[in-house]
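Undergrad: Quick check, what structure comes out for this input:
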Amino acid sequence: MGDLTYTQEELEFAYKIQEATSKPKLGIDGKIRPLKPTAEHPMGGSTDVGDVSFLVPVVRMGATVAPKGTPWHSWAVVACGGMSIGHKGMVYAAKALGMSMVDLFTDKALLQSIKEEFKERKGDYQYKALLPAGPPLIGEE
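TA: Modelled structure (predicted):
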């Protein structure tokens, strides 16, 4: 797929976002970075996949949807998401995730190695949700 590229109009928009948020005018970084090994002690933060990651292998990726230095969870990211800068990043992410799934569906050895690594890293840890069990699923009453 290659690096993301941006039009002059997108770069000018990025510079305006950086100026409006008091960030250096660095533009947008659409470079593709190599895969990183699984971190033994990942950085903090939160996602909606935390509990799931104790039960099945999870992969994480990032895609550029805003200029460098843009404050996350702000109007500036929303503005970029509503125009071609954000659209390019979202389409790129969807393609990368889709191609990853094709790899997993067509390469049984890759899938098996992921399962084995997960089992090895998890060890004998037994996941227990912090929240109590809810009502039965529909149809299981």
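Undergrad: pLDDT below threshold where in the protein?
TA: 42-45, 141 (pLDDT under 70).
Undergrad: Helices along this protein, start to end?
TA: 8-20, 75-81, 84-106, 108-122 (DSSP state H).
Undergrad: TSV please, covering those helices and showing distance to residue 131 and mean neighbour count.
TA: Every C-beta, even on glycine, is put in place using the N, C-alpha and C of the backbone. Below are the helices of the chain laid out as TSV (distance: least, Cβ to Cβ, whole Å; neighbours: other Cβ atoms under 10 Å):
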stretch	distance to residue 131	mean neighbour count
helix 8-20	38	16
helix 75-81	30	17
helix 84-106	28	14
helix 108-122	21	11
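Undergrad: What is the end-to-end distance of stretch 39-50?
TA: End-to-end distance for stretch 39-50, by Cα to Cα, to the nearest Å: 15 Å.
Undergrad: Could you do stretch 79-88 as well?
TA: 14 Å.
Undergrad: Next: stretch 125-134.
TA: Terminal-residue distance, stretch 125-134 (Cα to Cα): 23 Å.
Undergrad: Tell me which residues of it come out buried.
TA: Judged by neighbour count (16 or more other Cβ atoms under 10 Å), stretch 125-134 contains no buried residues.
Undergrad: Now do it: everything it contacts.
TA: 51, 54, 55 (Cβ atoms under 8 Å, 6 or more residues apart in numbering).
Undergrad: will you turn the helices of the chain into TSV that also has distance to residue 139?
TA: Converted to TSV, the helices of the chain look like this (distance: least, Cβ to Cβ, whole Å):
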stretch	distance to residue 139
helix 8-20	48
helix 75-81	38
helix 84-106	28
helix 108-122	29
